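**Student:** with the sequence up front, the predicted model follows.
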Amino acid sequence: MSKRHIGIVSAACLVFLLTACGNGRPAAEHARHEHGNGDLQEKTASVQTLPSFLRNQPEEMRTAYRLAAETVDTLQWIPCYCGCGESASHKSNVNCFIKEMGSDGSVTWDDHGTRCNVCLEIAVVSYKLKEQGKAAKEIRETIDQAYGKGYAKPTPTPMPS
């Protein structure tokens, strides 16, 4: 089995674990910043401070959010294939976890990723590929190939140069 397949299988196992742990919490347990698309957003001082809506989530979910925060420079080039481009106006996979990063280092987190296995898979696979030394363009090509058929329309994410 190639390293690429091992990474994808690892990500699939993580997603299975997250699903089995019951990550669908009632909205009352989340921060109170709900938006028209149903996503909750919360601002923290930095990427080191995770949002309160992750407090009751499994450790694996918090880890996925940490990985996404560590991989913003890559995820900005990676589309999401869950349909969030149309339903939530996301521009890339990073928006499933982070709405925006302030110039002061603050982060506005988005809880979309807590309810979407496609978002989680793409972020975790992208992180693993980056750790293997893959460039953003290679990661993008891998994700596009893996999710290009049988998934929703991708976010309108520009191709890295």
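**Tutor:** Right, received. Where do you want to start?

**Student:** which strands and helices sit next to the strand or helix carrying Ser126?
**Tutor:** Element membership for Ser126, per DSSP states H and E: helix 117-131. Applying 3 or more C-beta pairs under 8 Å, 6 or more residues apart in numbering; DSSP states H and E, we find helix 117-131 packed against helix 3-20, helix 59-70, helix 72-75, helix 136-147. (Each C-beta comes from the backbone N, C-alpha and C, glycine too.)

**Student:** pLDDT weak spots in the protein?
**Tutor:** Residues of the chain meeting the criterion pLDDT under 70: 1-37.

**Student:** quickly find the element holding Pro156.
**Tutor:** Using DSSP H and E, no helix or strand contains Pro156.

**Student:** from Gln48, how far off is the closest residue to it other than its chain neighbours?
**Tutor:** In space, and not counting its chain neighbours, Pro156 is closest to Gly85: 5.8 Å by C-beta to C-beta, 6 or more residues apart in numbering. From Gly85 across to Gln48, the span is 29 Å (C-beta to C-beta, to the nearest Å).

**Student:** more neighbours: which of the two?
**Tutor:** Between Gly85 and Gln48, counting by other C-beta atoms under 10 Å, Gly85 is the more crowded of the two (20 against 10).

**Student:** isn't that one right next to Val118, touching?
**Tutor:** No: contact criterion C-beta atoms under 8 Å: Gly85 and Val118 do not qualify, at 11.9 Å.
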